[in-house]
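Peer 1: Sharing a sequence plus its predicted fold:
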Amino acid sequence: MYDFLIAPFVEFGFMQRALAGSLMLSLGACPVGVFLMLRRMSLTGDAMAHAILPGAAVGFYMFGLQILPMTIGGLIAGVVVALGAGVVSRFTIQKEDASMAAFYLVSLALGVLMVSIKGSSVDLMHVLFGTVLALNNEALTLIAMICGTTLLTLAIFWRAIIAECLDPLFLRSVSRLGTPVHFIFLGLVVLNLVGGFQALGTLLSVGLMMLPAAAARFWTARVERMCALAILIGFASCIAGLLISYHQSLPSGPAIILSAGVVYFFSTIFGTRGVFNTRLRHHRHRTA
Amino acid sequence: MLKTIRLAALMSVITLTPFGLASAFAEPLKVVASFSVIEDFAKNVGGDRIELTTIVGPDGDAHVYEPKPADAVAMSKADVVLVNGLHFEGFLQRLIEASATRATVVELTKGVEPIKMKEEFEEAEEGEAAGHAHHHGDTDPHAFQSIANAKIYVKNIADAFCTADAAGCDTYKANADAYTQKLTETEGEVKAAIASIPESKRTIITSHDAFGYFEHEYGLTFLAPEGISTEAEPSAADVAALIRQVREDKASAVFVENITNTRLIEQIASETGLKVGGTLYSDALSSKDGPASTYIDMMRNNITTIKGAILGS
C-alpha cells in the first residue's frame, strides 16, 4: 500500500512538484469551471487554447524561446479575446458562444498568419504548453499565484458572481456591479487557462477546469457544495492520474483527465441527480 | 558554412571545366529537400548545377511541420524531391499529393538497414514493463544520425541527380566522392572521441529518441523521456526510470536538443544534480551562424559536446 500510494511521491521530486502543481490548479480552476458550466460557457477553455496563439507568437519574436514573455503575450491575447467577446455579448443581441467563437477564430487566424510570415517551423504551442512532469520553480510559483488570486477574487465577489451567473438581469437591476463582475470573471478564466497551459499543458488545464465541475453538477444543486465537490473530484483525479501514470507508464496529462472522466461518467449514472436516481424517482411518482 | 559553399563551388568549377560551357550554363536542376540535413547533402553533391529549395529550415521540427502554399509551389515545379522516408516527415505524403508534382520523389533511406525502435527501460525496470510500446510506428527514421548511413544518402542523391540530369552525372559523382571522403574523416573523429570515453560512462540522456542509429553504429547509449516523435507526452514512469538510471550512476550526462521543449530535461537535471551538458542537434541543423550549420559540423558539435560533458562530470 505504502509502495503504491506514497513511495512514488517520496522518492521523486518531480512527482511532488507534479502533485503540488496539479492540486493547486484544481483549487483555483475547479470553482471557475463550475461557474463556466453554469453560464453554459463550458467550451470556452478550448477556444482560449487557440486564441492565445498570436500573443505567444509576438512574445516569441521579441524575446525568443522564453516562457515568460510568451505567457504574458498569451495572457494579453486571451484577455483581449475574452473581453471582446464579453463586450459583444453584453451590448449586442449576440450570445456569448457565438461572439467567443468569432473572436477566437480571428485570433487563431492572426496567430497562424504571424507564425507563417516569420517562417519559423518550431511548433510554438508545443513549446509553450508544458507538461505536468516538468514543473520548475517558476511554473510552481505561477500556479500558486494564480490559485491565490482566483480564490481571493472569488471570495470577494462570491455573491455577485453567483447572482451574475444565475440571473444577470436581476443583478443589473439591484447593483451596478453586474458588468464589472462579468469581466472580472472572464479575467479569472483567462488567467487560470493560460497559466495552466504554460505549466501543465492544454489538455490538463482545460480538462481539470471542466470535468470535475460537470461531474459535481450531478450531485448537488447548491453552488457552494458544487464548488467544494468539484475541488475534491479534481484532487482525487490528480492523485489517481499521477499514480496511474507512474505505475502503468502512461502519459500523465491524459491519465489525470481520464480519471476525472471516469468520475464524470460514474456521476452521470449514479449521482443523486444522475440518470439512475432521477429515473427511479419519476417512476415512484407515477406509481404512488 | 561559407567555406563549404566556396569549396563546393570551387569543386564544381574544376570538375565542370572539361565539359565546356554548354553544360555549365544549362538550366539548373530544380531540387526540393524536405529538411535541413538533406539540404546540406544536396548542396554538397549538386554544387551550383542545382537550384535548391528546403521545406523545413534550420532549427525546425519536421515531425510537426505545417506546409505552406509556397512549399507546394516549389514541389510542383521541382525535378527531383529528396526526402528522408521511413515516416520522418509526417506532412510529406499530403503535400506530394496536393502539389500534384511530376518530380521523382527519392527516399534517401533506401538501402539503409532500418533499425527497430528501442525498447528502453527494459533493463531498468527488470522486465516489469517489458514490451510496452510507447512509441509510434516501429522503425526509427533518424537514419542520418549515423555517418555510415549519411554516405548512403549521398550516394542515393548522386544517383537521383544522374537520372534527372545525365549531362552533369560525372560532376555529381565526383562531388559525392569528395564529400564521402570528408564524411569518412568525420566518422573517424567520432569513433576516436567515443573510444576516449570510458565504457562505463557511455550512457547519456536527451529529450527525444533521435539517436538510435548513432547509438547502434558507435556504441553510445541514449535514453530519452519523449520517445521517437516530439509529439508524444512522457509518462511519470519513464521520467522516474531515467532518474533512477542517473542515480545508479548509469547515465553520466543530460543534454537538450535544438528542436524541443527543454524544461523536462532541465527538471531531470536539477533533480539528479547533473548539469545540462549542452545542446545537441538532432533533427535539424542550426542557422548559419550557429555551431551546427552543416551536417559535418553537426556531428562534430554533437560528439564534442557529449565528450566534454561526460569527461567533465
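Peer 2: Cool, the structure landed. Numbers count the residues shown, from 1 in each chain, chains lettered A, B, ... in the order given.
Peer 1: Give the buried residues for whatever helix or strand B:Gly188 lives in.
Peer 2: Assigned by DSSP states H and E, B:Gly188 belongs to helix B:169-195. Along helix B:169-195, these residues count as buried under the neighbour rule (16 or more other C-beta atoms under 10 Å in any protein chain shown): B:171-176, B:179-180, B:183, B:186-187, B:190, B:193-194. Just so you know, the C-beta spots here come from the backbone N, C-alpha and C atoms, and that holds for glycine as well.
Peer 1: Poorly predicted segments of the stretch 151-288 of chain A, please.
Peer 2: Within the stretch 151-288 of chain A, the ranges that satisfy pLDDT under 70 run A:281-288.
Peer 1: do the same with the stretch 151-300 of chain B
Peer 2: Screening the stretch 151-300 of chain B residue by residue with the criterion pLDDT under 70, one finds the ranges B:226-232, B:249, B:258-261.
Peer 1: redo that, cut-off 50
Peer 2: In the predicted model of the stretch 151-300 of chain B, no residue satisfies pLDDT under 50.
Peer 1: residues in contact with A:Leu19?
Peer 2: A:Phe9, A:Cys238, A:Ile239, A:Leu242 (C-beta atoms under 8 Å, 6 or more residues apart in numbering or on different chains).
Peer 1: repeat that with 10 Å
Peer 2: Residues near A:Leu19 by C-beta atoms under 10 Å, 6 or more residues apart in numbering or on different chains: A:Pro8, A:Phe9, A:Val132, A:Leu135, A:Phe235, A:Cys238, A:Ile239, A:Leu242, A:Leu243.
Peer 1: Tell me if it really is in a helix.
Peer 2: Yes - under the criterion used here (DSSP: H, G, I helix; E, B strand; the rest coil), A:Leu19 sits inside a helix.
Peer 1: domain assignment for chain B?
Peer 2: Each domain of chain B is listed here as a residue range: B:2-183, B:191-312, per automatic domain parsing.
Peer 1: out of these, deepest packed?
Peer 2: When neighbours are counted by mean count of other C-beta atoms under 10 Å in any protein chain shown, the highest per-stretch mean among the domains of chain B falls to domain B:191-312, a mean of 20.
Peer 1: Quick one: end-to-end distance for it.
Peer 2: 19 Å (C-alpha to C-alpha, to the nearest Å).
Peer 1: Give me the contact status of the single longest helix found in chain A with chain B.
Peer 2: Ranked by number of residues, the top helix in chain A under DSSP state H is helix A:137-166. Yes - using C-beta under 10 Å from any C-beta of the partner chain as the criterion, contacts between helix A:137-166 and chain B involve A:Asn137, A:Glu138, A:Ala139.
Peer 1: Who are the contact partners of the second one?
Peer 2: Same thing as A:Glu138. For A:Glu138, the contacting residues are A:Ile67, A:Leu68, A:Thr71, A:Gln198, A:Ala199, B:Arg263, by C-beta under 10 Å, 6+ apart.
Peer 1: Can I have the buried ones of those as a PyMOL selection?
Peer 2: Command for PyMOL, covering only those of those found buried under the criterion 16+ other C-beta under 10 Å:
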select buried, (chain A and resi 67+71+198+199) or (chain B and resi 263)
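Peer 1: show me where the stretch 1-150 of chain B has strands.
Peer 2: Counting by DSSP state E, counting those that start in this stretch, the stretch 1-150 of chain B forms strands over residues B:29-35, B:50-56, B:80-83, B:104-107, given from the N-terminal end onward.
Peer 1: rewinding a little: okay, the domains of chain B in TSV with distance to A:Ser99 next?
Peer 2: Supplementary listing: the domains of chain B in TSV, determined by distance: least, C-beta to C-beta, whole Å:
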stretch	distance to A:Ser99
domain B:2-183	28
domain B:191-312	33
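Peer 1: So which of the strands of the stretch 1-150 of chain B is nearest chain A?
Peer 2: Each of the strands of the stretch 1-150 of chain B has some distance to chain A by C-beta to the nearest C-beta; the shortest is strand B:50-56, at 5.3 Å.
Peer 1: Can you list the strands that that closest one pairs with?
Peer 2: Looking at strand B:50-56 with DSSP bridges, its partner strands are strand B:29-35 (parallel).
Peer 1: for the partner strand, the distance to its chain's centre please.
Peer 2: Taking C-alpha atoms, centre = their mean, to the nearest Å, one finds the center of strand B:29-35 at 16 Å from the center of the full chain.
Peer 1: now the angle from that strand to helix B:169-195?
Peer 2: 20 degrees (axes from the mean of the first three to the mean of the last three C-alpha atoms, to 10 degrees).
Peer 1: ok, back up a step: please name whichever of the domains of chain B is nearest to A:Trp219.
Peer 2: Evaluated over these, closeness to A:Trp219 peaks at domain B:191-312, with 29.6 Å, by C-beta to C-beta.
Peer 1: chain center to the closest one, what's the gap?
Peer 2: 14 Å.
Peer 1: same thing with stretch A:10-23?
Peer 2: With C-alpha atoms, centre = their mean as the basis, the distance from the averaged C-alpha position of stretch A:10-23 to the chain average is 20 Å.
Peer 1: buried residues in that stretch?
Peer 2: A:Phe12, A:Phe14, A:Met15, A:Arg17, A:Ala18, A:Leu19, A:Ala20, A:Gly21, A:Ser22, A:Leu23.
Peer 1: on that earlier part again, would you format the contacts of A:Glu138 as a markdown table with secondary structure and distance to A:Glu224 included?
Peer 2: Formatted as a markdown table, these follow (DSSP: H, G, I helix; E, B strand; the rest coil; distance: C-beta to C-beta, whole Å):
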| residue | secondary structure | distance to A:Glu224 |
| --- | --- | --- |
| A:Ile67 | helix | 36 |
| A:Leu68 | helix | 36 |
| A:Thr71 | helix | 32 |
| A:Gln198 | helix | 30 |
| A:Ala199 | helix | 27 |
| B:Arg263 | helix | 37 |
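Peer 1: which residue sits closest to B:Val254, ignoring its sequence neighbours?
Peer 2: Closest residue to B:Val254 in three dimensions, ignoring its sequence neighbours and counting by C-beta to C-beta, 6 or more residues apart in numbering or on different chains: B:Ile205, at 4.3 Å.
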